[in-house]
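K.L.:
A structural model of the following input is requested.
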Amino acid sequence: MSVFEVKEYFPLLKSKDMSNEDKEQYLAMFYKSAYTKNILNEVDYLQDNAKKVKAKELPIHTPMYFFISDGKEVTASDWRELLSNYVLQIDIGTYKYLDCGHYVHHEKSDIIADEVKAFIKNYLVGQ
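P.N.:
Model prediction:
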């Protein structure tokens with residue numbers, strides 16, 4: 001993987017929140033675990049596992065809150081709609097569109113923290 005690809009696939013490396021030493025350690029951990037037998041098996045079984053999940057009933061009684069990225073790094077043009085339509089089938093399901101890349105937990109952590117706290121509080125009040 002070229003230096004350009006690394007920065008493209010791991011936007012966290014562009015972050016000012018990590019020191020250069022942290023970024024080097026992050027990459028070292030990635031390269032150490034990226035091509036293990038387990039990871040490669042996971043890729044091989046991705047399609048089969050997706051079919052198994054699709055064949056199961058929706059867990060409609062499990063509360064869910066989806067934080068959905070802008071989808072620019074995803075090949076599905078209807079990324080947001082697929083996820084929002086899924087979670088709207090859940091009894092206690094909601095979503096929030098975030099204008100950010102795949103690493104929503106890093107790029108929008110403050111929003112996610114506040115929203116999760118409110119979601120849990122509202123859920124507990126409704127019980």
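
K.L.:
Give me the buried positions along the strand or helix carrying Met29.
P.N.:
Using DSSP states H and E, the element containing Met29 is helix 20-33. Neighbour-count burial for helix 20-33 flags Lys23 (criterion: 16 or more other CB atoms under 10 Å). Any C-beta I mention is one placed from the backbone N, CA and C, and that applies to glycine too.

K.L.:
distance between it and the chain's centre?
P.N.:
In terms of CA atoms, centre = their mean, to the nearest Å, the gap separating the centre of helix 20-33 from the centre of its chain is 20 Å.

K.L.:
What ranges does the chain have for its strands?
P.N.:
Counting by DSSP state E, the chain has strands at residues 64-68, 93-97.

K.L.:
Would you mind pulling the contact partners of the helix holding Met29?
P.N.:
Contacts to helix 20-33, defined as CB atoms under 8 Å, 6 or more residues apart in numbering, come from residues Val6, Phe10, Leu12, Leu13, Met18, Ile39.

K.L.:
wait, which of those is closest to Asn122?
P.N.:
Distance to Asn122 across the contacts of helix 20-33 (CB to CB) is lowest for Leu12, with 30.8 Å.

K.L.:
mind checking which of the strands of the chain is nearest Asp48?
P.N.:
Of all the strands of the chain, strand 64-68 comes closest under CB to CB, at 23.8 Å.

K.L.:
In terms of secondary structure, what does that closest one contact?
P.N.:
helix 79-87, strand 93-97, helix 104-107, helix 109-126 (3 or more CB pairs under 8 Å, 6 or more residues apart in numbering; DSSP states H and E).

K.L.:
Which one of these lies nearest to Lys56?
P.N.:
Minimum separation from Lys56 across those (CB to CB) falls at helix 79-87, 13.0 Å.

K.L.:
Okay, buried residues for that closest one please.
P.N.:
For helix 79-87, a neighbour-count test (16+ other CB under 10 Å) marks Trp79, Arg80, Leu83, Ser84, Val87 as buried.
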